[in-house]
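Q: Kindly generate the corresponding structure for this input.
(one chain, ligands or ions: 1)
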Amino acid sequence: MGDEDWEAEINPHMSSYVPIFEKDRYSSGENGDNFNMAPTSSSETDDRPRRDHFMKSGFASGRNFGNRDAGESNKRGNTSAMGGFGAGRSFGYRGFSNSKFEDGDSSGFWRGYRDGSNSDASGPTRRGGRGSFRGCHGGFGQGSPSNELDQDKCMQRTGGLFGSRRPALSGTGNGDTSQSRSGSGSGRGGYKGLNEEVVTGSGKNSGKSEAEGGESGDTQGPKVTYIPPPPPEDEDSIFAHYQTGINFDKYDTILVEVSGHDAPPAILTFEEANLCQTLSNNIAKAGYTKLTPVQKYSIPIILAGRDLMACAQTGSGKTAAFLLPILAHMMRDGVTASRFKELQEPECIIVAPTRELVNQIYLEARKFSFGTCVRAVVIYGGTQLGHSIRQIVQGCNILCATPGRLMDIIGKEKIGLKQIKYLVLDEADRMLDMGFGPEMKKLISCPGMPSKEQRQTLMFSATFPEEIQRLAAEFLKSNYLFVAVGQVGGACRDVQQTVLQVGQFSKREKLVEILRNIGDERTMVFVETKKKADFIATFLCQEKISTTSIHGDREQREREQALGDFRSGKCPVLVATSVAARGLDIENVQHVINFDLPSTIDEYVHRIGRTGRCGNTGRAISFFDPESDNHLAQPLIKVLTDAQQDVPAWLEEIAFSAYIPGFSGSTRGSVFASVDTRKNYQGKSTLNTAGFSSSQMSNPVDDESWD
Ligand SMILES: Nc1ncnc2c1ncn2[C@@H]1O[C@H](COP(=O)(O)OP(=O)(O)OP(=O)(O)O)[C@@H](O)[C@H]1O
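A: Below you'll find the model as predicted:
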């Protein structure tokens, strides 16, 4: 395809793929790039002129964009600090999505509903500080398609020139990942971005988050002014749900183990839970007629007031397993917080690791509390802090929050914690690992927070590494109960897993081949880094496959837009980092493709769990690169075998040659997704001095993918 065809070829397919581009970094040509003939006329804070320009010249000139063959030959040469990645800009303009953003059609979160509301007040101002490095996400400059990995390296080396690899997080302790992009290149600090919500600066201000920077304005970053559109209020939308799949009834055959003393018996039907009429009505309206195993066991445990750690396969209804009994108690006991109170004191806090997930939990809470006196509120980073506060002051009984925003709100004394009766950690293993663990510890020692004896603490996940379970004990009463719902190894058996041996440089070709076969079926493609997410999304768009992307360097509005376009089917392919690996419940995701395998097997289990949910079937295809993935061979075989999937002979050979003495197949037991570590590890501890298990020390690759 000639350069002149470029724009025409790619425009129709780029409706939603809109990485940020900041022109000035790239417009001079000093990086040795001739593609990006960006004018310097438009204001840094003005979206529209730059979009117009790039519609004309930016893309049109990106001639190396799809040149995958350039790969091998260019991969070394492209790493020059100035020319390699720095030149990669042709696609980095978020305004590419025609006028959508400016039209305020940011329906992303709301399961594809479009209410047309334009509540994004961010406007141009947020562009200024943020943009300084965003263009690099596109990653298609001089020879850039050749080797995304080398781009990554180059990017890191060039951090000093362009700002931080992460767009200029303030070094002064600004905590919100979307908040403080000052362009100063101050680096990422504390958690290196592992934490979705909390990024520390110099270390001095660890744990502070966007309040310091964005809202009170004492850092260089622009204010986050994004106000997400309210979800639709009509009953049909609130109770919209997808159908359980053909394998839903097979849940009944799944083994469940409850450990701990005096566990109440499981219930078999919703009626046995003795929920109030309104709650029962809401359950019926949600289309729930039958309990899933984790619900059968967890609901009576929570109703009995016990602390709980529950491990059950992805997509098997853990959210309702904690929401329903909590709501039942709130209905029984009455709630104290009301809109007429000056200080809101919620009875329940639910934390989860990503903004999208916390919002999804909120929608579930809103659904089940419909028509009751209980009011659920959601707050998360990347949105205007004032908006979060306004939501809370209208009355807050259940607060669904990401950790960074929660700590901001607590720090600002916008909520009191004295009334907390329920603390829920969803994706609890993630919430307690290196990234979020310190924040969670801070949360439970906040002034006013009832001690663990005084509150009920509930933890849910599909995976629960043993060392995390030991950390969790600090949060739970000693007599907590542990519910393990097989699937063996944690992967859902409704997902047909295939592992293909594909080398780094053949991956794109293979991906396109697979996606072409798949057609329009909804597919999530997981990659390991944010830059690669943009790179692959753009590449697919160029291949005329409608694609969008979600990762931590995209603005919240863009993330929501991407999710909305994926949910609605407008973009049937979503390229994502691990930020989308956990919890997201999207109807009709038929395929998950691991373009890059994650660094841990647990992450693999979560990723493939985006398909095959709630008794529906799905497919997962993973590219296994022997150059980089051998360490996963053994645990992968265990997961495949446990889920009764075919194990390729070549994988067994690799596993054999990469044999790790003492490897027991996984960190988990042989029958259940996780075992209660109290059985095996009483008295033993492998914690390091920081209080975290060494195996949970953050992995730089993981860090990259998360934020
Ligand atoms: N008893 C039920 N009957 C019908 N549908 C249900 C039931 N329980 C849950 N669901 C639906 O199943 C889907 C998956 O539930 P949910 O998101 O809670 O799974 P999960 O176990 O939390 O998954 P993950 O591990 O990926 O976070 C949701 O759409 C939910 O509404």
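Q: could you pull out the helices for the stretch 301-450 of the chain?
A: 318-333, 355-368, 385-393, 403-411, 428-431, 437-444 (DSSP state H, counting those that start in this stretch).
Q: Return the most buried member of the ones you listed.
A: Mean neighbour count (mean count of other C-beta atoms under 10 Å) peaks for helix 428-431 among the helices of the stretch 301-450 of the chain, with a mean of 27. The way it works is simple: take the backbone N, C-alpha and C, and place the C-beta from them, glycine included.
Q: That one near the ligand anywhere?
A: No - Helix 428-431 lies out of reach of the ligand by C-beta under 6 Å from any ligand atom, never closer than 10.6 Å.
Q: Give me the mean pLDDT for that helix.
A: Averaged over helix 428-431, pLDDT sits at 96.
Q: residues contacting the closest residue to the ligand within the stretch 401-550 of the chain?
A: Relative to the ligand, the nearest point of the stretch 401-550 of the chain is residue 462 (4.2 Å; C-beta to the nearest ligand atom). Going by C-beta atoms under 8 Å, 6 or more residues apart in numbering, residue 462 touches 311-314, 318, 490, 605-606, 609, 673.
Q: Next to the ligand, which bits of the chain? Give me the list.
A: 241, 244, 287-288, 290-292, 295, 312, 314-320, 462, 583, 585, 609, 613-614.
Q: What's the PyMOL line that selects buried ones from those residues?
A: Selection command for PyMOL covering only the buried members of these, criterion 16 or more other C-beta atoms under 10 Å:
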select buried, resi 244+288+290+291+292+295+312+314+315+316+317+318+319+320+462+583+585+609+613+614
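Q: quick revisit: and the two most separated of the contacts of residue 462?
A: 318 and 605 (13.7 Å; C-beta to C-beta).
Q: out of everything not next to it in sequence, what's closest to residue 449?
A: Nearest residue to residue 449 in three dimensions, chain neighbours excluded: residue 417, at 4.4 Å (C-beta to C-beta, 6 or more residues apart in numbering).
Q: do residue 373 as well
A: Excluding the flanking residues, the one nearest residue 373 by C-beta to C-beta, 6+ apart is residue 335, at 5.9 Å.
Q: separation between that neighbour and residue 452?
A: As judged by C-beta to C-beta, to the nearest Å, residue 335 and residue 452 stand 22 Å apart.
Q: Tell me which of these two has more neighbours.
A: residue 335 (21 against 18; other C-beta atoms under 10 Å).
Q: Which of the helices or strands spans the closest residue in space to residue 645 that isn't next to it in sequence?
A: Nearest in space to residue 645, with sequence neighbours left out and distances taken as C-beta to C-beta, 6+ apart, is residue 497 at 4.5 Å. Of the helices and strands defined by DSSP states H and E, residue 497 is found in strand 495-501.
Q: which secondary structure elements does that strand contact?
A: Under the contact definition 3 or more C-beta pairs under 8 Å, 6 or more residues apart in numbering; DSSP states H and E, strand 495-501 sits against strand 618-624, helix 633-642, helix 649-657.
Q: mind redoing it with 10 Å?
A: Contacts defined by 3 or more C-beta pairs under 10 Å, 6 or more residues apart in numbering; DSSP states H and E place strand 495-501 against helix 507-518, strand 589-594, helix 601-608, strand 618-624, helix 633-642, helix 649-657.
Q: could you dump those to CSV with mean pLDDT and mean neighbour count?
A: Shown next, in CSV, are these (pLDDT from 0 to 100; neighbours: other C-beta atoms under 10 Å):
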stretch, mean pLDDT, mean neighbour count
helix 507-518, 98, 16
strand 589-594, 98, 24
helix 601-608, 96, 26
strand 618-624, 98, 23
helix 633-642, 94, 22
helix 649-657, 94, 15
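Q: can the ones you listed go into CSV with extra columns for distance to residue 440?
A: Formatted as CSV, the helices and strands packed on strand 495-501 follow (distance: least, C-beta to C-beta, whole Å):
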stretch, distance to residue 440
helix 507-518, 36
strand 589-594, 28
helix 601-608, 18
strand 618-624, 30
helix 633-642, 26
helix 649-657, 35
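Q: doesn't residue 574 fall inside a helix?
A: No - per DSSP: H, G, I helix; E, B strand; the rest coil, residue 574 lies outside any helix segment and is strand.
Q: From residue 561, how far off is it?
A: 11 Å.
Q: again, but for residue 294
A: 32 Å.
Q: now residue 522
A: Relative to residue 561, and taking C-beta to C-beta, residue 522 is found at 16 Å.
Q: Also residue 331?
A: 36 Å.
Q: Repeat that for residue 622.
A: Taking C-beta to C-beta, one finds residue 622 at 28 Å from residue 561.
Q: re earlier: check the contact lists of residue 318 and residue 605 and give me the overlap.
A: Jointly contacting residue 318 and residue 605 under the rule C-beta atoms under 10 Å, 6 or more residues apart in numbering are 461-462.
Q: give me the number of residues near the nearest residue to residue 588 once chain neighbours are set aside?
A: In space, and not counting its chain neighbours, residue 588 is closest to residue 522: 5.1 Å by C-beta to C-beta, 6+ apart. Neighbourhood size, residue 522 [other C-beta under 10 Å]: 22.
Q: give me phi/psi at residue 522?
A: With angles defined as degrees, to the nearest 10, residue 522 sits at phi -70, psi 130.
Q: Who does the closest residue to residue 498 other than its chain neighbours form a beta bridge with?
A: Using C-beta to C-beta, 6+ apart and skipping the chain neighbours, the partner closest in space to residue 498 is residue 621 (4.8 Å). On the basis of DSSP bridges, residue 621 is bridged to residue 498, residue 593.
Q: which residues touch residue 621?
A: 496-500, 502, 510-511, 514, 518, 523, 525, 591-595, 608.
Q: For the ligand, what's the nearest residue on the stretch 151-300 of the chain?
A: For the stretch 151-300 of the chain, C-beta to the nearest ligand atom, closest residue to the ligand: residue 288, 3.8 Å.
Q: which SS class is that residue?
A: Going by three-state DSSP: residue 288 is coil.
Q: which residues touch it?
A: So residue 288 contacts 241, 244, 270, 282, 295, 317, 320, 324, 368 (C-beta under 10 Å, 6+ apart).
Q: Just list the residues touching the second one, thanks.
A: When contacts are counted by C-beta under 10 Å, 6+ apart, residue 244 is found next to 251, 287-290, 292, 317, 613-616.
Q: mind redoing it with 8 Å?
A: 287, 614-616.
Q: quick one: low-confidence ranges for the stretch 201-350 of the chain?
A: 201-221, 337-340 (pLDDT under 70).
Q: can you give me the strands for it?
A: Secondary structure of the stretch 201-350 of the chain (DSSP state E, counting those that start in this stretch): strands at 256-259, 308-311, 348-351.
Q: Just say which of the ones you listed is most tucked in.
A: Using mean count of other C-beta under 10 Å, strand 308-311 ranks as the most buried of the strands of the stretch 201-350 of the chain, with a mean of 28.
Q: Identify the residues contacting that strand?
A: 294, 297-298, 301-302, 318, 321, 428, 458-464, 469, 472, 476, 480-485, 490, 672-674, 676.
Q: Recalculate using a threshold of 6 Å.
A: Defining contact as C-beta atoms under 6 Å, 6 or more residues apart in numbering, one finds that strand 308-311 is touched by 294, 298, 301, 458-460, 464, 481-484, 673-674.
Q: and stretch 563-581, how far apart are its ends?
A: 13 Å (C-alpha to C-alpha, to the nearest Å).
Q: What are the buried residues along it?
A: 563-568, 571-581.
Q: average model confidence for it?
A: Stretch 563-581 comes out at a mean pLDDT of 97.
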